[in-house]
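**Student:** Give me a model of this one.
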Amino acid sequence: MTRKMKGKDVGLRRKTHIWKISEETRDLRTSGVIRRSSGGEPGWRVLLSPAVCGKPPLNTKVGSRIVGGQAAAAGAWPWQVRLDINGALCGGSLINSQWILSAAHCFKTGIYNSPNSVSRTVSRIIVHPNYNSPPKDNDVALLKLTSPVTFNNYISPVCLAAQGSNFPGGTTAWVTGFGTLSSGGSTSSTLQEVSVPIVSNTQCRDSYSSLTSNMMCAGLTEGGKDSCQGDSGGPLVSKNNDTRWVQAGVVSFGYECAQPNFPGVYTRVSEYQSWISSQVSVEEGSGLQTEPTVLNRMWGLCTFSKPSWINTFFFLP
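**Tutor:** Residues are numbered from 1 along each chain as shown. Alright, predicted model coming up:
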């Protein structure tokens, strides 16, 4: 059985039994715990913005409940980025004043103009050199702005999960985006948010046989809440013990949307700390950029609406 996902076919394992979250992990759904690795490494790491990451300046409360979600309050997720690419929609997250984290499969050329906005150009789009689809392994990309943005109540970065971070099955996470509200449905004009529990890779492989250690899953056994088309590249976040929001995953793919026994699949951010750090440091002049990882002809116009929690990037050929 296959499903068409963002123009790609991804193999699935046919379900033979009910997938469920075990009783021993269910109590973690409301804890948002991020366990440390055996080496004592913290559950989150910050690139260039240690004082402000993961803490929305407005401290807006999130709701109790994208598919099955609700509209987010302005300023609730100030790192959320909206990407309009040749008529297609993707998401992203601001990881410092000049870098955006997104999904590799999102990028094509296009053009769009938005009135009443503050603009930035995108000087570089870097797709992971080992990205392949199927099975969408290494589905991660970075975008560099020509000039930094200024942080305010509606624009600030998210923290990134450190290498070795463990998000146990049942951990409460949130996914946000402007994608469709049902599989094949209409996109949302306002940012949506929904809470979903992390699912262990062992359980998730019952649904997706091609799942790798670079991926992670989140969703409900009964379905009904999920990311969907147009949310790709957006953040899956969870709160750590320091009450900071930490990005655990990047929206990648899934079987339709919010289907029972088929959680959403996300790129596991903690597996890419070294790659992200190396690309950022290279661009800052501490090394050389290797040609295969860069789409050299991709340029873009980035628009930050104000005041808003919507950060929009538009790409030019």
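
**Student:** for residue 233, what are its contacts?
**Tutor:** 83, 90-92, 101-103, 106, 141, 250-251 (CB atoms under 8 Å, 6 or more residues apart in numbering). The C-beta positions use only the backbone N, C-alpha and C, and glycine is treated the same way.

**Student:** of the residues you listed, closest to residue 191?
**Tutor:** residue 91 (9.5 Å; CB to CB).

**Student:** Now do that closest one against residue 203, distance only.
**Tutor:** Applying CB to CB, to the nearest Å, the value for residue 91 to residue 203 is 25 Å.

**Student:** ditto for residue 132
**Tutor:** 24 Å.

**Student:** more crowded one of the two?
**Tutor:** residue 203 (18 against 11; other CB atoms under 10 Å).

**Student:** Can you verify the more buried one is assigned to a strand?
**Tutor:** No - Residue 203 sits outside any strand when classified using DSSP: H, G, I helix; E, B strand; the rest coil, being helix.

**Student:** who's in contact with the closest residue to residue 245 other than its chain neighbours?
**Tutor:** Closest residue to residue 245 apart from its sequence neighbours, by CB to CB, 6 or more residues apart in numbering: residue 54 at 4.1 Å. Shown in contact with residue 54 (CB under 8 Å, 6+ apart): 44, 46, 157-159, 237, 240, 244-246.

**Student:** mind listing the strands for the stretch 51-200 of the chain?
**Tutor:** In the stretch 51-200 of the chain, the strands defined using DSSP state E, counting those that start in this stretch lie at 70-71, 80-85, 88-96, 99-102, 117-127, 141-145, 159-160, 172-177, 192-199.

**Student:** Go through these and name the closest to residue 152.
**Tutor:** Using CB to CB, the nearest of the strands of the stretch 51-200 of the chain to residue 152 is strand 117-127, at 10.7 Å.

**Student:** Please, where are all the strands along the stretch 201-317 of the chain?
**Tutor:** 215-218, 235-239, 245-253, 264-268, 299-305, 311-316.

**Student:** comparing these, which gets the lowest mean pLDDT score?
**Tutor:** Here the lowest mean pLDDT among the strands of the stretch 201-317 of the chain goes to strand 299-305, at a mean of 37.

**Student:** low pLDDT regions in the stretch 51-200 of the chain?
**Tutor:** 51, 61-65, 86, 108-121 (pLDDT under 70).

**Student:** Most neighbours among the contacts of residue 233, which one?
**Tutor:** residue 251 (32 neighbours).

**Student:** was I right about it contacting residue 263?
**Tutor:** No - using CB atoms under 8 Å, residue 251 is not in contact with residue 263; the gap is 12.0 Å.

**Student:** Out of the contacts of residue 54, grab the one that's most surrounded.
**Tutor:** Among those, residue 246 has the most neighbours (other CB under 10 Å), with 30 neighbours.

**Student:** okay, now residue 210: neighbour count?
**Tutor:** Counted with other CB under 10 Å, the neighbours of residue 210 add up to 15.

**Student:** Residue 168: which of the contacts of residue 233 is nearest?
**Tutor:** Of all the contacts of residue 233, residue 168 sits closest to residue 250, with 19.4 Å by CB to CB.

**Student:** who touches the closest residue to that closest one other than its chain neighbours in this structure?
**Tutor:** Nearest non-adjacent residue to residue 250, counting by CB to CB, 6+ apart: residue 267, 4.0 Å away. By CB under 8 Å, 6+ apart, the contact set of residue 267 is 103, 138-140, 214-216, 249-250, 252.

**Student:** same check, this time on residue 183
**Tutor:** Contact partners of residue 183, counting by CB under 8 Å, 6+ apart, are 67, 228-229, 256-258.

**Student:** Mind putting these into TSV with neighbour count?
**Tutor:** Putting the contacts of residue 183 into TSV (neighbours: other CB atoms under 10 Å) gives the following:
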residue	neighbour count
67	25
228	29
229	22
256	17
257	26
258	27
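
**Student:** For the residues you listed, name the two members farthest from one another.
**Tutor:** Farthest pair in the contacts of residue 183 (CB to CB) is 229 and 258. Separation: 11.6 Å.
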